[in-house]
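Enquirer: Starting from these lines, generate the structure:
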Amino acid sequence: MESTPPTHDQTVPRYGTFSEARRITAILRKETVGGVLLVCAAAIAIIWANSPAADSYFALRDWEIGYEPWHLRLSLGAWAADGLLAVFFFLVGLELKREFVAGDLKHFRTAMLPIAAAIGGVVVPAGIYAAIVWQNPELRAGWAIPTATDIAFAVAVLAIIGSKLPAALRIFLLTLAVVDDLLAISIIAIFYTDTIAVAPLLFALLAIAVYGVIAQVFRGFFSTRPFAAWVVLLPIGVTAWALMHASGIHATIAGVLLGFTIPVLHARKHEQRSTPGLAEGFEHRFRPISAGFAVPVFAFFAAGVSVGGWDGVRAAALNPVTFGIVAALVLGKPIGILVTTWLVTKVTRTALDPALRWIDIAGVGLLAGIGFTVSLLVAELSFEAGSVAHDTAKVAILAASVVAAALAAVLLGVRNRHYGRVQRRDRIDADRDGVPDVYQESV
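Expert: Predicted coordinates for the structure are as follows:
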């Protein structure tokens, strides 16, 4: 079937090359396993925290270990949030730099729509939450909780139910999620830092600079000798993390900055080389640690909330925090993403990728409503541990994420079946005509 040419003045953007689509597919496969482990860890924590053995769970989470003179005597839960998540954010930094250097974000016009979608997906949920809880000043600190998208959880759902969806949609989601992560990191660094110790911060930045210089100068050495990176770079990275923690800025920011210092091959150079660059090698080594251990362990310690039986569930359901977070994630995210994307296409006269429809973008918006890892982290930073708002916010995040995932699975499942039918029909047409047929069917 012939496609209808776009009516907009500007050329329709294409989201990524074939190599980019192949890379996104590989990431989806890896993140699927991580997403499953994430859900399992959170489920175990919730069941344990609400079982007769709940005291043992909280005793484990609150057990302290570390060196007090360096202000590193932390509970296991704090080590998971501040330490293990630094590995996750290191990969976020790597992914951000890759996108800026060799991915879709290096071309502003190609990245314009997912960037705008990410911004809308942050602003609108924050506004909805703030409007709902405005009459309760003590709850306003949680405005950033529903702004973050859990990339591992979202791509796991997409990979499970979206095997026939266009590659452009997957790339749109990942680009949106990468920008969303950047915005979330900025929010944590700016709005959730009470006091800053200047000396540790300066030493942390110095350690990060040294890390980056060594990684840049000896990139070939570290690429061919993986063990050397553990011996040379890891101690410097840990030092930078500890100094960032001592400065008062959330220590995960060190992970992002360290990731940004790793050299990334430009797309043309990457095609000319037979061996992967240092960033690719680090991602290959650290992604299993992040997805298979760091993030699930954080989820295990962060998601364990005692809801207090049915009375507690009813109380949580009537709490403004619950209304704010659920409405912001389930409604605010898709509305912000869809409306902002539509407005940008109208203002700039730029159309969607021809493989996509607006209903597909709505499905991505629902997926983006899965706020888990970073949302739980922001909840930890927003409210005092053990407070009603703290525990209620976590319950609301879990509930909203499940609802958003279910709605996204239904909508994108329908779209997946539609694209499957179109692809089967195109194969039949190609076999009949002897040439490939590019499909475009209006819905």
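Enquirer: thought residue 237 was touching residue 211?
Expert: Yes - if you go by CB atoms under 8 Å, residue 237 and residue 211 touch, sitting 5.9 Å apart. Any C-beta I mention is one placed from the backbone N, CA and C, and that applies to glycine too.
Enquirer: can you list residues touching both of those two?
Expert: By CB atoms under 8 Å, 6 or more residues apart in numbering, residue 237 and residue 211 have these common neighbours: residue 258.
Enquirer: Please name the residues that touch residue 158.
Expert: Neighbouring residues of residue 158 by CB under 8 Å, 6+ apart: 28, 165, 170, 173, 367, 412.
Enquirer: Please report the distance of the third one from residue 184.
Expert: Relative to residue 184, residue 170 is positioned 21 Å away (criterion: CB to CB, to the nearest Å).
Enquirer: just the second one next, same as before
Expert: Between residue 165 and residue 184 the distance, using CB to CB, works out to 25 Å.
Enquirer: what do you get for residue 294?
Expert: On the measure of CB to CB, residue 294 and residue 184 end up 17 Å apart.
Enquirer: Could you do residue 319 as well?
Expert: From residue 319 to residue 184 the distance is 24 Å (CB to CB).
Enquirer: can you give me the helices in the stretch 51-200 of the chain?
Expert: Here the stretch 51-200 of the chain has its helices, by DSSP state H, counting those that start in this stretch, at 54-62, 76-78, 85-101, 108-133, 151-161, 167-191, 198-217.
Enquirer: Please work out the average pLDDT along the second one.
Expert: This means helix 76-78. In this model, helix 76-78 has a mean pLDDT of 87.
Enquirer: elements contacting that helix?
Expert: Applying 3 or more CB pairs under 8 Å, 6 or more residues apart in numbering; DSSP states H and E, one finds that helix 76-78 contacts helix 54-62, helix 295-303.
Enquirer: and if you look at the third one?
Expert: Using 3+ CB pairs under 8 Å, 6+ apart as the contact test, the elements touching helix 85-101 are helix 167-191, helix 252-261, helix 278-289, helix 295-303, helix 373-382.
Enquirer: name the helices or strands packed onto the longest one?
Expert: If I follow you right, that is helix 167-191. Short answer (3+ CB pairs under 8 Å, 6+ apart): helix 167-191 packs on helix 18-49, helix 85-101, helix 108-133, helix 151-161, helix 252-261, helix 358-368, helix 373-382.
Enquirer: How about the second one, which residues are buried there?
Expert: Of the residues in helix 85-101, those buried by neighbour count under the rule 16 or more other CB atoms under 10 Å are 85-101.
Enquirer: Report the distance from that helix to the chain centre.
Expert: 10 Å (CA atoms, centre = their mean, to the nearest Å).
Enquirer: pLDDT (mean, whole number) over it?
Expert: Rounded mean pLDDT across helix 85-101 is 82.
Enquirer: what angle sits between it and helix 151-161?
Expert: 70 degrees (axes from the mean of the first three to the mean of the last three CA atoms, to 10 degrees).
Enquirer: circling back: identify whichever of the helices and strands packed on helix 85-101 lies nearest to residue 80.
Expert: helix 295-303 (4.4 Å; CB to CB).
Enquirer: buried ones in the closest one?
Expert: 295, 296, 297, 298, 299, 300, 301, 302, 303.
Enquirer: isn't the fourth one right up against residue 81?
Expert: Yes - with contact defined as CB under 8 Å, residue 298 reaches residue 81; the gap is 6.2 Å.
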